[in-house]
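In: give me a 3D structure for the following:
(chains A, B, C and D)
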There are 4 protein chains.
Amino acid sequence: MTEPKHLFIPGPTNVPDRIRRAMNLAMEDMRASDFPELVMPLFADLKRVFGTETGQVFIYPSSGTGAWEAALTNTLSPGDKVINASLGQFSMLWGKMCRDLRLDVEDWEIDWGEAFPLERLAERLAADKAHEIKAVLVCHNETATGVTSDVAGVRRVLDAAGHPALLAVDGVSSVAAIEFRMDDWGVDLAVTGSQKGLMLPTGLGIIAVSEKAMAATKTAGLTRSYFDFAWQASANASGYFPYTPATLLLRGLRESLDMLFEEGLEAVHARHHRLGRAVRAAVDAWGLACCARRPEIASDTVTAIMVPDHIDAGAVIRTAYTKYNTSFGAGLTKVAGRLFRIGHLGKMDEVKIMSGLAAAEMAMLDSGIAIQPGSGVAAAMTALGVGAAAATDRSAGLAA
Amino acid sequence: MTEPKHLFIPGPTNVPDRIRRAMNLAMEDMRASDFPELVMPLFADLKRVFGTETGQVFIYPSSGTGAWEAALTNTLSPGDKVINASLGQFSMLWGKMCRDLRLDVEDWEIDWGEAFPLERLAERLAADKAHEIKAVLVCHNETATGVTSDVAGVRRVLDAAGHPALLAVDGVSSVAAIEFRMDDWGVDLAVTGSQKGLMLPTGLGIIAVSEKAMAATKTAGLTRSYFDFAWQASANASGYFPYTPATLLLRGLRESLDMLFEEGLEAVHARHHRLGRAVRAAVDAWGLACCARRPEIASDTVTAIMVPDHIDAGAVIRTAYTKYNTSFGAGLTKVAGRLFRIGHLGKMDEVKIMSGLAAAEMAMLDSGIAIQPGSGVAAAMTALGVGAAAATDRSAGLAA
Amino acid sequence: MTEPKHLFIPGPTNVPDRIRRAMNLAMEDMRASDFPELVMPLFADLKRVFGTETGQVFIYPSSGTGAWEAALTNTLSPGDKVINASLGQFSMLWGKMCRDLRLDVEDWEIDWGEAFPLERLAERLAADKAHEIKAVLVCHNETATGVTSDVAGVRRVLDAAGHPALLAVDGVSSVAAIEFRMDDWGVDLAVTGSQKGLMLPTGLGIIAVSEKAMAATKTAGLTRSYFDFAWQASANASGYFPYTPATLLLRGLRESLDMLFEEGLEAVHARHHRLGRAVRAAVDAWGLACCARRPEIASDTVTAIMVPDHIDAGAVIRTAYTKYNTSFGAGLTKVAGRLFRIGHLGKMDEVKIMSGLAAAEMAMLDSGIAIQPGSGVAAAMTALGVGAAAATDRSAGLAA
Amino acid sequence: MTEPKHLFIPGPTNVPDRIRRAMNLAMEDMRASDFPELVMPLFADLKRVFGTETGQVFIYPSSGTGAWEAALTNTLSPGDKVINASLGQFSMLWGKMCRDLRLDVEDWEIDWGEAFPLERLAERLAADKAHEIKAVLVCHNETATGVTSDVAGVRRVLDAAGHPALLAVDGVSSVAAIEFRMDDWGVDLAVTGSQKGLMLPTGLGIIAVSEKAMAATKTAGLTRSYFDFAWQASANASGYFPYTPATLLLRGLRESLDMLFEEGLEAVHARHHRLGRAVRAAVDAWGLACCARRPEIASDTVTAIMVPDHIDAGAVIRTAYTKYNTSFGAGLTKVAGRLFRIGHLGKMDEVKIMSGLAAAEMAMLDSGIAIQPGSGVAAAMTALGVGAAAATDRSAGLAA
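Out: Alright, predicted model coming up:
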């Protein structure tokens, strides 16, 4: 097969060499006596990543979509009313899943580019005197639009309303990349996947479950088996799984967690913020707009860039792919052709993101978007503060 | 971490070097324009492996257990009556899943070591004038006991009774290793996983679905989303998936299928039969018994070996693991401590299985089982016909 | 260990994923009956890369330095007079090797940044009526200064003088990257290594030998054993080696040659030329100078960039390495601290080189070099003709 | 390409997964500021492996043959008299190299199967009143015949004679596998390669040099450059190399040394002795003879097995290779067709060697050698003491 592309999609993200090496393994016996030595610390360390001490973590051989299903089927019953804000492809799909599972989902159509509407939630909860709403679903970081919603804000609204609904959060493209404080934010179900901030191949659906959500499993009437928390929990307790786990990915997860902790979770978050800001500076310099309506909701892990009206964003993506060996994310369904996306999460640094910006510039120029060559790269460097210290030294020197 | 063990568990099986190489990849964009060039042939080629021309194949990021769930939730409704023969750990667990999903499972307790009871099925179907039985579940190859059931026989019984129940078959440890003829046997749902005959790491749940079973999805009332056939089918039609697939494993699957076809499926089956017979000859030579009650139901992919009454099979396994760097399968639940299992499927040849037999001999001897050293290896060689041609030459020479 | 750096040294160069995969192998028997099926085509295909039909290729487990020694010891005798132009670190070291081997080397001190002096050679040859000069050593591409010499020109001078000296060429950083025409240029000894244009790890010293040079081995009086052509040739004839070869690298070489031929050697050369020109455009835009004195001798595989007088190039390299995870080449001996080098050979494309230029910009800015951020990237894009077609379309549209 | 064979050649040996992983790396800058952090401990740790505190170690990108050349050219002068005992293919080739390098080699033709003749050496040294003999070459472990010579004994003879000749030892197939005590044995030049006891791919020639041998370099008149100790030493002193090193293999060497020290060098030696004895027990049980004339000189790293007179050993090897996917070593030159060799060094354990013995049995049986199937495996188990403790327990139990 051909060589890999320069990868700037918002997942699967680039897998670090260390992790590739750690996964280049022979198979092993998942019932071996020393297997728990691998497994038990994974649960403990994932809790750190989710920001929870009291939650319980489950790891499924599945994609993140599987963990969405785990969140719903383990805690809800047929016909339960849930709130979902459809503000992009992935929040929209979680709503679809609610319907598949015969939940009574109240699906709010939000402008793609906007974040979760806190005021609307406040109003809705106030109206729900009977507490019919059993869960509020929030997509922390909508990968399709590059918008980050305010999960802490959702918790404040729930608390202000004294509403007992479960808070279920899709953290697929946020966890392990930007700040996620499960306990502090009162998140009940926090979902992620292996192929984003955790820098692994696709194949692990991961969920952290609050004590309140675990209690809800007792009465949850939706059917479930593969994703059943209780089945997992009984095997996990001794460091095993109820069915064959994806051992290769578990070994990779071990390395991923080691890397995250070596860098430090706060440093990881800060790096994503720094790089996200640099990308947005580039978009400004190009004279283009982010799909995210306002800077304060723009995501630090993925940036969706609106192309000029007369341009097909698909052409930019195709040019990048075929001429420049570079993969960008496409606009999905509602925004197909209107935007392209640069993923900047996971294994990403200043130099790598510069190549993504340069590739975007070249593909846009070749597609007839009249940006200034190098302008985005230059703006990103400035946003990163490159040379600032040296320049200060120089001007100080001149003044002296 | 430590070096891999000599692996003789019945899955995950040894991954060939070719496949490890093929999976040692950077991530790729699962929405790329050329991604269907990988995907479409996988479906076509898996159909060959299942022995079906009219069936439809689905590939999930899951373990084989997930494909079990897909088989049930896509075709059945709550309260549907299904027959399951609990004749080992895995057939027992499929029955458990039926209960989890609120099917009305009629779970037949069969002696572990026996195969699916065709006569009993014939009687039961005869009694089911109203065709209340919606599905018959058959574990083709019970990994826990090393017993292969007669799926063609089940079909004959169903046909003889003129019974419309779906025939759902767990082929996890049979498909791609021993003969599997989905169309000829009238299998409606054929389930497998990546980590057995396909010689891949765990992480793909694969299912082949007959036209009849696809038709059943229209009225199936069980809830499903992650494993929904329709959602998969709509995306698969153009070579994509509805959510992020495990691209690494798909690349590995490509190599696996190439390897199977290069060797030839019939040759693959013949090799498994040859090696299975050799292992059973060794068991005989040791003076021990297989868990499989009769030779004609003994599995060609895994052999479960009963240890003498006064011996703990766990000690054999521990000795093999800690002293001889070798992983054997343990006896599960009902047969814990009573047997150990040698997996001989997937990447396996004459020399490799000899090392498994030798390791078993050494671990048994050290555990106090009074076998004759080398006896199993010798019997296996003889069963393989080693030296037969040369011996014939010699005796011919002597006679001349 | 830590993650790999962004690698922009002029060798070892970035190893393509395909090659890493091809080398991720178990060991094999280098005396196996089918080993020649690997070996024989390697020799034939390397001849294509060197541009020779009549030459003979040898592959040593060594670095390129070993192949230098092979070139000299197999064809020359103690005290033989040879001409060497010391115009950078590596041509200087080949001269040192001549002295080590007790050749009578006439070492011309050339300004670092200049190419092989054709006129001086013409004069020198004219003076050598007795044909005492047995060999002329030419460094085709001086990796330390980024200067390419005119090997065809050297041949013309030799021919014009009717001089029989052997023409020995160091093609370590040119072969498989820029045009190399052994037969057309009358090269007698062409040396390369695995870790440059061939995109492999270090470990193979490769040499192509003309018929004339092979004839010279008959009378060559220097001692040799490990690098002896005759010993190699006798084993190579049947597809084997006289001592254990580096089988992993041979497997990698197979993949490397496949990749080169798939792209096409001319396309490979054109790509290096395009990228080399882009890098030089960046240097111009930065207001800096290349070590290469004149554009027409500037190398398409490595660019050595002079820093301003008051700046330590070592600081740029250190900043790139520690702050930007990027490896640039240092200035060696005579030019230590005065320049840094960007390697752009082997696995390199438009997007990758942009990240190298951006990294250089960031490291220079942080080191106090007052370049315009993004200026090099922009100039490189323009040099690559990015957006030119689209711009033409636009202005045509405006005119219409 | 095809799957790797079961590998039982005496080198390259099986590369442990840990080492394959450690070498599955991107390229790195061998002039980076932190490169010495890798390099310096390698030299120190290799000294432990050679058993020297006062020696100096050099690592070349070459095969072991290159290190042979380094030993000779750095310490001897043209015409120097050296003693070499030609007792197998490799000691014979070292003698050939002496002639290539114009040393005055006194090549003793020894029966292949015999060890270095101490008495003859004693006599010869006694006769060399003028100390014309400058070096004695000893092949510690002759890979072609499976014979280990007594290096300590050679030292005793040299000391008894008060003879100043250098003691040069080929430890290619002994170092890191069987006991090697450079300082204690007064070895002056100890040569090895990466692909044997060090369990790495071919590509590193390694030599440990005593202070006496280092002193001899001052006056050594043989020409050398690539292998020059002084050039290496000057760069090694700061943790670098004078030319591009094989960084991948150095990373692999780091892992290899870690593995050796984790197991413990004495434990490594003991394991090789245990397995060597088991193989010889198998040969006895087959009714065949080792090439090694006497048990006390039989090698613990490779066993050369004489086939019956009417049998072509090549047929055994071909059958093993083509029918049983197994690589054995062939008989070389003088013993071609008369023997085959089982390598049992490096990554090797009880179970792995059983598969080698079983493969040998199957290939021999198919080739018409009338051994008892399983007899070698059984004898090897007994030699390993398998089951002994358990049997003792049983008989104790019976007596009680």
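In: if I look at A:A278, how far off is chain D?
Out: A:A278 sits 25 Å away from chain D when distances are taken as CB to the nearest CB, to the nearest Å. Heads up, the C-betas are built off the backbone N, CA and C, glycines and all.
In: host element of that residue?
Out: Element membership for A:A278, per DSSP states H and E: helix A:265-286.
In: next helix or strand past that helix?
Out: The helix or strand immediately downstream of helix A:265-286 is strand A:289-290, counting by DSSP H and E.
In: immediately after that following strand, which helix or strand?
Out: Later in the chain than strand A:289-290, the nearest helix or strand by DSSP H and E is strand A:302-306.
In: what helices and strands are in contact with that next one?
Out: Helices and strands touching strand A:302-306, by 3 or more CB pairs under 8 Å, 6 or more residues apart in numbering or on different chains; DSSP states H and E, are helix A:265-286, strand A:289-290, strand A:339-343.
In: C:A282: which of the ones you listed is closest?
Out: Ranking those by proximity to C:A282 (CB to CB) places helix A:265-286 first, at 18.3 Å.
In: hey, C-alpha coordinates of the closest one in PDB?
Out: Coordinates of the C-alpha atoms in helix A:265-286 are reproduced here as PDB (Å, rounded to 0.1, in the frame of the first residue of the first chain):
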ATOM      1  CA  LEU A 265      -2.100  16.600  31.900                       C
ATOM      2  CA  GLU A 266      -2.100  20.400  32.500                       C
ATOM      3  CA  ALA A 267       0.800  20.700  30.000                       C
ATOM      4  CA  VAL A 268      -1.100  18.600  27.500                       C
ATOM      5  CA  HIS A 269      -4.100  20.900  27.900                       C
ATOM      6  CA  ALA A 270      -2.000  24.000  27.600                       C
ATOM      7  CA  ARG A 271      -0.300  22.700  24.500                       C
ATOM      8  CA  HIS A 272      -3.600  22.100  22.800                       C
ATOM      9  CA  HIS A 273      -4.700  25.600  23.800                       C
ATOM     10  CA  ARG A 274      -1.600  27.100  22.400                       C
ATOM     11  CA  LEU A 275      -1.800  25.200  19.100                       C
ATOM     12  CA  GLY A 276      -5.600  25.900  18.800                       C
ATOM     13  CA  ARG A 277      -5.000  29.600  19.200                       C
ATOM     14  CA  ALA A 278      -2.300  29.500  16.600                       C
ATOM     15  CA  VAL A 279      -4.500  27.800  14.100                       C
ATOM     16  CA  ARG A 280      -7.300  30.400  14.600                       C
ATOM     17  CA  ALA A 281      -4.700  33.200  14.100                       C
ATOM     18  CA  ALA A 282      -3.900  31.600  10.800                       C
ATOM     19  CA  VAL A 283      -7.600  31.500   9.800                       C
ATOM     20  CA  ASP A 284      -7.900  35.200  10.700                       C
ATOM     21  CA  ALA A 285      -4.800  36.000   8.600                       C
ATOM     22  CA  TRP A 286      -6.300  34.200   5.700                       C
END
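In: so is it next to chain C?
Out: No - in this structure, helix A:265-286 remains apart from chain C according to CB under 8 Å from any CB of the partner chain; the gap is never smaller than 8.9 Å.
In: low-confidence bits of chain A, can you list those?
Out: Low-confidence segments of chain A, defined by pLDDT under 70, are located at A:1, A:394, A:396-400.
In: show me how it divides into domains.
Out: Chain A breaks down by automatic domain parsing into domains covering A:6-10+A:264-386, A:18-262.
In: a markdown table for those domains, including distance to C:C139 and mean neighbour count?
Out: A markdown table is the format used below for the domains of chain A (distance: least, CB to CB, whole Å; neighbours: other CB atoms under 10 Å in any protein chain shown):
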| stretch | distance to C:C139 | mean neighbour count |
| --- | --- | --- |
| domain A:6-10+A:264-386 | 31 | 22 |
| domain A:18-262 | 37 | 22 |
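In: that older thread, nearest to C:I83, of the helices and strands packed on strand A:302-306?
Out: Checking the helices and strands packed on strand A:302-306 against C:I83 by CB to CB gives helix A:265-286 as the closest, at 52.9 Å.
In: A:N24 reaches B:R21, doesn't it?
Out: No - counting by CB atoms under 8 Å, no contact exists between A:N24 and B:R21, whose distance comes to 9.3 Å.
In: any common contacting residues for those two?
Out: Common neighbours of A:N24 and B:R21, counting by CB atoms under 8 Å, 6 or more residues apart in numbering or on different chains, are C:N24.
In: which parts of chain A are strands?
Out: Counting by DSSP state E, chain A has these strands, from start to end: A:6-8, A:56-61, A:81-86, A:104-109, A:133-139, A:141-142, A:147-148, A:166-170, A:189-193, A:204-209, A:289-290, A:302-306, A:326-330, A:339-343.
In: need the phi and psi values for the spatially most central residue of chain A.
Out: By CA atoms, centre = their mean, the mean C-alpha position of chain A lies nearest to A:S173, the distance being 0.8 Å. Backbone geometry at A:S173, expressed as degrees, to the nearest 10, gives phi -100, psi 20.
In: quick one, what contacts it?
Out: For A:S173, the contacting residues are A:P10, A:G11, A:N141, A:T143, A:K196, A:G197, A:S299, A:T301, A:V302, A:L345, by CB under 8 Å, 6+ apart.
In: thinking the third one is in contact with A:T301, fair?
Out: In this case it means A:N141. Yes - judged on CB under 8 Å, A:N141 makes contact with A:T301 at a distance of 5.9 Å.
In: now the common contact residues for these two.
Out: Common contacts of A:N141 and A:T301 (CB under 8 Å, 6+ apart): A:S173, A:S174, A:I178.
In: picking up where we left off before, now the strands of chain A in a markdown table, with distance to B:I353?
Out: Converted to a markdown table, the strands of chain A look like this (distance: least, CB to CB, whole Å):
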| stretch | distance to B:I353 |
| --- | --- |
| strand A:6-8 | 42 |
| strand A:56-61 | 28 |
| strand A:81-86 | 54 |
| strand A:104-109 | 54 |
| strand A:133-139 | 51 |
| strand A:141-142 | 50 |
| strand A:147-148 | 55 |
| strand A:166-170 | 48 |
| strand A:189-193 | 39 |
| strand A:204-209 | 33 |
| strand A:289-290 | 60 |
| strand A:302-306 | 50 |
| strand A:326-330 | 44 |
| strand A:339-343 | 46 |
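In: what about those strands, which gets the closest to D:Y240?
Out: Nearest to D:Y240, of these and by CB to CB, is strand A:6-8 at 32.2 Å.
In: residues contacting that closest one, please?
Out: Contacts of strand A:6-8 from elsewhere in the structure, counted by CB under 8 Å, 6+ apart, are A:13-14, A:324-329, A:342-344, A:355-356, A:359, B:26-29, C:351-352.
In: OK, contacts around A:W231?
Out: By CB under 8 Å, 6+ apart, A:W231 lies in contact with A:S225, A:P242, B:D100.
In: looking at those residues, which are in helices?
Out: Per DSSP state H, helices hold the following members of the contacts of A:W231: B:D100.
In: quick check: chain neighbours aside, which residue is closest to the closest residue to chain D within the stretch 51-200 of chain A?
Out: Of all residues in the stretch 51-200 of chain A, A:M199 sits closest to chain D, with a separation of 15.8 Å (CB to the nearest CB). When the adjacent residues along the chain are set aside, A:M199 lies closest to A:G346, with 4.4 Å between them (CB to CB, 6 or more residues apart in numbering or on different chains).
In: bridging residues for the nearest residue to A:G356 once chain neighbours are set aside?
Out: For A:G356, the nearest residue in space outside its immediate sequence neighbours is A:F8; the separation is 4.3 Å by CB to CB, 6+ apart. Applying DSSP bridges to A:F8 gives these bridge partners: A:F328.
In: how much space between A:F8 and D:L76?
Out: Taking CB to CB, to the nearest Å as the criterion, A:F8 is separated from D:L76 by 60 Å.
In: what of A:G331?
Out: Taken as CB to CB, the span from A:G331 to D:L76 is 74 Å.
In: this completes my enquiry, with thanks.
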